[in-house]
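# Fold the stuff below for me.
(chains A and B)
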Amino acid sequence: MTDPQTWRVLGNADAHELVLAVDFDATGRAEGRFTDLASGLGDLLPCSIWETIPQEAGTGAGDADPVERWLEEVTADGRPVRAVFGFCVGGVYAGAIAQRLAARQEQAPALVLFDPEQSGPLTLYSQFYKVLDSMSALLSAEETAQAADEARRAHEQHTTMAALGAELLDVYRRTAKPAFDRLELDTKRTEEITAVFASFVGYLIAAADIDPLPAWREAVAVTSSSPTSGLNGSRAAGQDIAVGRELRVDVPHVDLLRDPGVTRTVTELLGADRPA
Amino acid sequence: MPEATEVRSRPADSKEHALWLLDELVPVKGVNNLSVALQADGPLLGPALQGTVDLLLRRHEALRTVFRQEQAGLVKEVLDPAALRIEAEQLAAEPGEVAAVVGEFIARPFDIDGRPLVRAARVRCADGDAFCLAVHHLVFDTVSGAVLLEEFTAGYTALAAGAAPPAELLAAQPPYREPAPRAAAVEYWRGQLAGADAAGLALWCGSEDLPEPTLTGDQITADLSPRATEVLRRLQKELRAPEAVVLLAAYGLLLARHGAGPDLVVGTPVNVRAREASRAVGYHVNTLPLRIPVDLGGGFRDLVRTARDAFLGAVAHADVPVDVLLPELRRDGGASWRNTVFRHLFNYVPDDGRTSFPLGDTTARRLPGENGFSKFDLEFFFLSSADKVTVRAAYYTQVLDRADVQGLLERFEALLLAAAEGPDRPMGELPLAGPSDLAVLAASNDTARPVDPPSVLAAVRERVALTPSAPAVVGDGRSTTYAELWRAAEHTRDVLADAGVRAGGIVALAAPRGPELAAAALGVWLAGAVYLPVDPEHPVQRLAYVLEDSGAQAVLTAPGVELPEGVRARVVPLEPLARDGSGPLPDPGAGGPDPDCCAYLIYTSGSTGKPKGTLVGHRSLANVVQHFAEELKVTADDAVLWLTTFAFDISALELFLPLVCGGRLVVASDEARTDGRALLAEVVAHDVGIVQATPTTWRVVADAADGQLAGRRLVCGGEPLPPALARTLAASGGSLLNVYGPSETTIWSTSGPVPDEVDRVDVGRPIANTQVFVVDPDGRELPVGVQGELCIAGAGVALGYHNRPELTADRFRDHPAYGRHYRTGDLARLRPDGSVELLGRTDRQIKLRGHRIELGEVEAVLLDRPDVRDVAVVVVGRGGPDAALVAFVEPAQGAEGAEGGDGVAEVDTAGLTAHARSLLPSAAVPQEIVVLESLPTTANEKRDHLALTRLAEQRRSERSAAAGAGEASPEAQSGTAGRLLALWQSTLGRTDLGPHANFFDSGGHSLLGAQLVQRIEKTLGVPVRLADLFAHPTPLAMAEHLDPDAAAPSAPGN
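Okay, the predicted model is just below:
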């Protein structure tokens, strides 16, 4: 069997069942990753854990339905999927994947969402700010302020995700140029790093097209203690999202995927001792 | 001619756009919801109520205006009256719950997606029904609320009586279109706001906001007292300013005296309706920033003039929504999207003073109708009527709590009254405290009681006469009676006289804790001299400095103690204590030394590096010993542990506490000072009832306690007691006293019991004959809850520093009410219960890239992790552009994290950083976390911040030297992992990284990652993608990825 192209295998490659995990793990970040969760689950859960590889922007792949693209290789693999995990906006895709799998396999996979979040213009806008923040050490105060101002105007101007995303990508290119120069990055690097941002924008845009709420009604949501993340954030925003079951854990958002207690909870949820 | 098509929607204007954007940015919704709410005395009739709502919707276009996002941006549209019906919701409330039900109804968010921005409800209640109209700020404001309340009342009254509604309500009210801001007005505001900095507006009370604000609001409503109202009306005439301006100036003064400003900016909403449109409903208010510099050296009259100019200037240029200027304003420092220009709001509305009004055949009164949020830290909303002025103080509960705001309201009135008495008196001199503040201070500082006898020597002498053969000092297999102790003291007196020591001379004591040292201290006093404790274990240089600086005439040394060369003082050997208790007993009535004379001279580490000596009088020592004898209920049956090195002043309390009570002094072994088990064994063996130690020592003991502290009296002091340790100690079954005090005010100045489940440990209240107060940076006394420098007055205040007149004059001051006092350099605030809460050192509050950071607060956050036992945060490169925070952490014993190779528990530094990031503003997150097996302590067993700062600076300079030298080390060059590690280090400018260092947890971000990947490619000659780094962020993982066969063989685990 060849290695999948749209998934990264995180552990137990030869197990009889799969667990799928959706996340945009292509940025350097402080938050725990599914890699951390998988290493904790390794011995406890006899499943092969696959994590999505975000599709590259500009390859044309972005035109296809990302969910179908991921599912193609899962179907080709043939093993049943025990569970689908989603982190943040990954929860949107996880919901869609789980729904489609339910129609294709005997038993519907469990859907486990870690601080699930929907995607929309504000998500895009605030993610741009995070990226800008990480660049600010390499930019002058004026350059940062100008970028912030351009992004703000873009957000005011555009109401569709696609238009806003395109505009923010432009702002990113303009803003990052001097930072790239200061680090003496070559073309290969600047293209690659821009592609990562573009890919992330694409990930958020495509997620905004999916209504995850029907799928989420059947899901187990693991909610961190951070007041503005996941369902806590939605509640604070006055939106009460219905999920099948919500488990609140006293672990901050950044540690959610690497907390040993959460790992144990997930194991219990999936009934690790159930005969495979 | 083409057929005209009606364009129903049009773009939102910039002001609406800004408000909408804020609504989107705020992490919580409902913040911009306004209301009209009333409660009647009886039932409200459903059909009449609904009819009135319909009427109002038809009459006011604004209530039918909806907003939505379109391709072209935010647009608004006025819905046709026929197409819109707002059905009043039917809610119910238990008696007394109406306000809460109405509040929830108002707070419910509106969706800005083309749906109406208004909803109505009738709340059925046995107390009388309520009516509420909740409206989004986009189509509404306070003036609209007043208009609608009147119209609702008129409409409902008519309909409820079965009559036709008044004719004017049937007509449509023309909407008001605000003219575009004039260019000149925009220029005015540009000039007004140039250089304004919101970071300077924080108050000295309350807490920091969360990284993600919640904006939860609450409010307190109070009437100004009749006297204050009368004074206000008088000031208005006397200072020739509108009442609103006098109130604004007083509000500004209140904020300035609490730490905001002096370049103060206060926001105020101004109605911008043209005169002919005064009853238009809609969003026609601009919240304008009033810049009012407050010079506390000037009088209130001057401030009123400044406030009047700012106010009138603002009103004359009110056509500019300040949001238009936001992009131009400074956004660094403490400013955030929430409060770019101001954090405090002032609002003034004339009121007819009616509390109730007729409605149908019943009466009704207006409900406050709050949405439960506060966009600003604080708002004072004044409702002024002919006979009274009501203040509604709304506040953001994350930043201020109820007691803070209650205090602010009281002090507002106090300042107003004081300003009226002396409008030209410098405002910094006006008394700030309100009646509650004064009551708290008076009760807390009411500590006077006699100190009898006024010296420890006299008290011990009484005990010797009373129970000469009782054991006084035990330990080390020996027991010394009171008579033997006294005899030895008299011997020391004679030896000193022979050595030429005169009254008032200084005699150093260089001996380990034991009966000889106890007797020597008493003997020095019998000789009329002053003792100077020195620790023979201290570094030679320090000993030499102390002996030289003190001008000691003699040094009493125990056998085996070596003194530095060149000591000028006469060295007198301390003889082993003779077992001789015979001879006449002292006369208990012989009195003692002059209580105002010096008892001891003690050296403490100075922040400048050189130790400084403090001279402490007999009465001061007698006072603190007598206080704790009473507070700890020490009796002749008690034993007290002498644990602390005598060179630390708290040791004197351990020494003299049992001796003035006739109890036993149990000398702890040196081993017990660092080994918790050894200490507990001695405590149990000698049935010690009272143990005093620093948190550093208690931590060692608490780990091993296992029930052995039950029933004992524990005293903890010398440095902040972390809540977790307090809980552990409290759970040990002992009763715990937390104490605080600098050496300059004699051992301890405050004390308080620590309850079992404590979250924030305070240091209790002032001890006997002691007063505490808190001052601002200019020395003005601050009220309860406001943080500033702690000052201590009373019996404990030392005589001064030895031979340091300038330092003495600087730290020991006079106060008109409290008298001579010591400025501690500790940040503190008084709590409403009169206890003192310490908040760190004034010199531990730093500014880093414009952010005010309290290092103690950062430490508290890091300490909150189970794998961390102790932590110290220091600043490197202080004051420079690349200043950084470094945290030193000590792992907890048996931490759940991985065990290192040598068996020492490890700390999950990445997890710790993530934890800090989730709770602290980014500027306060340490850039580096260094794990040390144990943190260094000073001679007095406090954390040695100075040593740690030096260590951090040293690491930094080594690192930059290494970075300069490139990756030349041969070791680093061997193997792929080694070469990668060198690249990790040079890219991040750190030498402390190992093969498991995650690039993104060690200060790296995507752009630096791109640089690293480029360097890897160049150095190793293999293609690498950024994605590879994301997937393999450590040198080892990357090495395995690039070269699976040659991966380092030493890689542990997977």
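
# CA only for contacts and neighbour counts going forward, please
Noted.

# Would you map the strands across the stretch 851-1000 of chain B?
In the stretch 851-1000 of chain B, the segments counted as strands under DSSP state E, counting those that start in this stretch are B:851-854, B:868-876, B:884-891, B:928-931.

# Check the stretch 1-150 of chain A too.
With DSSP E, counting those that start in this stretch as the criterion, the stretch 1-150 of chain A has strands at A:7-11, A:17-22, A:47-52, A:81-87, A:110-114.

# Please name whichever of the ones you listed is nearest to chain B.
Among these, strand A:7-11 comes nearest to chain B, with 9.7 Å by Cα to the nearest Cα.

# Show me how far the closest one is from its chain's centre.
15 Å (Cα atoms, centre = their mean, to the nearest Å).

# try stretch B:700-713
31 Å.

# surely A:L10 meets A:T35?
Yes: checked against Cα atoms under 8 Å, the pair A:L10 and A:T35 is within contact range at 6.2 Å.

# ok, and the helix or strand in chain B with the lowest average confidence?
helix B:970-973 (a mean of 40; mean pLDDT, DSSP states H and E).

# tell me the contacts of B:V524?
By Cα atoms under 8 Å, 6 or more residues apart in numbering or on different chains, the contact list for B:V524 reads B:489, B:492-493, B:496, B:507, B:530-531.

# List buried members of those residues by neighbour count.
B:489, B:492-493, B:496, B:507, B:530-531 (16 or more other Cα atoms under 10 Å in any protein chain shown).

# tell me which element B:L290 falls in.
In this assignment (DSSP states H and E), B:L290 forms part of strand B:285-293.

# which other helices and strands contact that strand?
Here strand B:285-293 touches strand B:263-271, helix B:300-316, going by 3 or more Cα pairs under 8 Å, 6 or more residues apart in numbering or on different chains; DSSP states H and E.

# What separation is there between the closest residue to chain A within the stretch 551-700 of chain B and B:L729?
At 26.0 Å from chain A, B:R699 is the closest residue in the stretch 551-700 of chain B, using Cα to the nearest Cα. Distance, B:R699 to B:L729, by Cα to Cα, to the nearest Å: 9 Å.

# do the same with A:R104
Counting by Cα to Cα, the gap from A:R104 to B:L729 is 60 Å.

# Of these two, give the one with the bigger neighbour count.
More crowded of A:R104 and B:L729, by other Cα atoms under 10 Å in any protein chain shown: B:L729, with 25 against 12.

# Hmm, B:V700 and that one touching each other?
No: contact status for B:L729 versus B:V700: not in contact, 11.1 Å apart, counting by Cα under 8 Å.

# how about low-confidence regions in the stretch 101-250 of chain A?
Along the stretch 101-250 of chain A, the parts satisfying pLDDT under 70 run over A:238.

# Kindly report the domain assignment for the chain.
I went with chain A, as the question did not name one. Domain ranges of chain A: A:7-118+A:212-269, A:121-207, per automatic domain parsing.

# you looked at the wrong chain, it should be chain B
Split by automatic domain parsing, chain B gives B:11-170, B:194-432, B:849-964, B:966-1046.

# For these, give me JSON lines that also has mean neighbour count and distance to B:V567.
Formatted as JSON lines, those follow (neighbours: other Cα atoms under 10 Å in any protein chain shown; distance: least, Cα to Cα, whole Å):
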{"stretch": "domain B:11-170", "mean neighbour count": "19", "distance to B:V567": "69"}
{"stretch": "domain B:194-432", "mean neighbour count": "19", "distance to B:V567": "49"}
{"stretch": "domain B:849-964", "mean neighbour count": "18", "distance to B:V567": "21"}
{"stretch": "domain B:966-1046", "mean neighbour count": "19", "distance to B:V567": "44"}
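
# Dump those domains into JSON lines; add distance to A:P227 as well.
Below are these laid out as JSON lines (distance: least, Cα to Cα, whole Å):
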{"stretch": "domain B:11-170", "distance to A:P227": "10"}
{"stretch": "domain B:194-432", "distance to A:P227": "8"}
{"stretch": "domain B:849-964", "distance to A:P227": "10"}
{"stretch": "domain B:966-1046", "distance to A:P227": "23"}
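
# How about the contacts made by B:P512?
Per Cα under 8 Å, 6+ apart, neighbours of B:P512: B:535-536, B:558, B:645-646.

# Mind checking which of the residues you listed are in helices?
With helices taken from DSSP state H, there is no overlap with the contacts of B:P512.

# Show the buried residues in those.
B:535-536, B:558, B:645-646.

# Name the weakest-confidence residue in those, if you would.
Lowest pLDDT of those: B:P536, 83.

# correct me, but it touches B:A510?
Yes: in this structure, B:P536 is within contact of B:A510 by Cα under 8 Å, at 5.7 Å.

# shared neighbours of the two, which are they?
B:V561.

# okay, and for the stretch 601-750 of chain B, where does confidence drop off?
Checking the stretch 601-750 of chain B against pLDDT under 70 turns up B:606-609.

# Tell me where it has helices.
For the stretch 601-750 of chain B, helices defined by DSSP state H, counting those that start in this stretch occupy the ranges B:618-631, B:650-661, B:676-685, B:695-704, B:723-731.

# what do you get for the stretch 1-150 of chain A?
Taking DSSP H, counting those that start in this stretch as the criterion, the stretch 1-150 of chain A carries its helices at A:34-41, A:66-77, A:90-104, A:121-135, A:141-157.

# how about the buried ones among the contacts of B:P512 in JSON lines, adding distance to chain A?
Compiled in JSON lines, these are given as follows (distance: Cα to the nearest Cα, whole Å):
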{"residue": "B:D535", "distance to chain A": "47"}
{"residue": "B:P536", "distance to chain A": "49"}
{"residue": "B:A558", "distance to chain A": "56"}
{"residue": "B:T645", "distance to chain A": "43"}
{"residue": "B:F646", "distance to chain A": "46"}
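
# Among the residues you listed, which pair sits farthest apart?
B:A558 and B:T645 (14.6 Å; Cα to Cα).

# Most distant residue from the centre of chain A?
A:E142 (31.9 Å; Cα atoms, centre = their mean).

# ok now do that residue, which residues does it touch?
So A:E142 contacts nothing (Cα under 8 Å, 6+ apart).

# Ok, B:E562 next?
Per Cα under 8 Å, 6+ apart, neighbours of B:E562: B:P536.

# re earlier: between B:L729 and B:V700, what contacts are shared?
With Cα under 8 Å, 6+ apart, B:L729 and B:V700 have no common neighbours.

# The closest residue to chain B within the stretch 101-250 of chain A - how many residues pack around it?
At 4.3 Å from chain B, A:A237 is the closest residue in the stretch 101-250 of chain A, using Cα to the nearest Cα. Look at A:A237: counted by other Cα under 10 Å, it has 19 neighbours.

# re the thing from before, among the buried ones among the contacts of B:P512, which are located in strands?
Within these, no residue falls in strands by DSSP state E.

# Packed most tightly, which of the helices of the stretch 601-750 of chain B would that be?
Ranked by average neighbour count under the criterion mean count of other Cα atoms under 10 Å in any protein chain shown, these are headed by helix B:650-661 at a mean of 26.

# Mind listing residues that contact it?
With Cα under 8 Å, 6+ apart as the test, helix B:650-661 has contacts from B:456, B:459-460, B:463, B:472, B:518, B:624-626, B:628-629, B:634-636, B:638-646, B:664-665, B:692, B:747-748.

# Give me the pLDDT value at B:D762.
On the pLDDT scale, B:D762 gets 92.

# Same check on the one 10 residues further on?
On pLDDT, B:V772 comes in at 97.

# Confirm for me that A:Q118 is in contact with A:V92.
Yes: under the criterion of Cα under 8 Å, A:Q118 makes contact with A:V92 at 6.4 Å.

# Please enumerate the shared neighbours of those two.
By Cα under 8 Å, 6+ apart, the residues touching both A:Q118 and A:V92 are A:207, A:212.

# These two: which is more packed in?
A:V92 (29 against 22).

# roughly how far apart are that one and B:I220?
43 Å.

# swap in B:L948?
46 Å.

# Then B:M1038?
60 Å.

# and chain B, which residues reach chain A?
B:17, B:21, B:24-25, B:27-30, B:69-74, B:108-109, B:212, B:214, B:327, B:911, B:914-915, B:918, B:1000-1001, B:1004-1008, B:1010-1011, B:1014, B:1025-1027, B:1030-1031 (Cα under 8 Å from any Cα of the partner chain).
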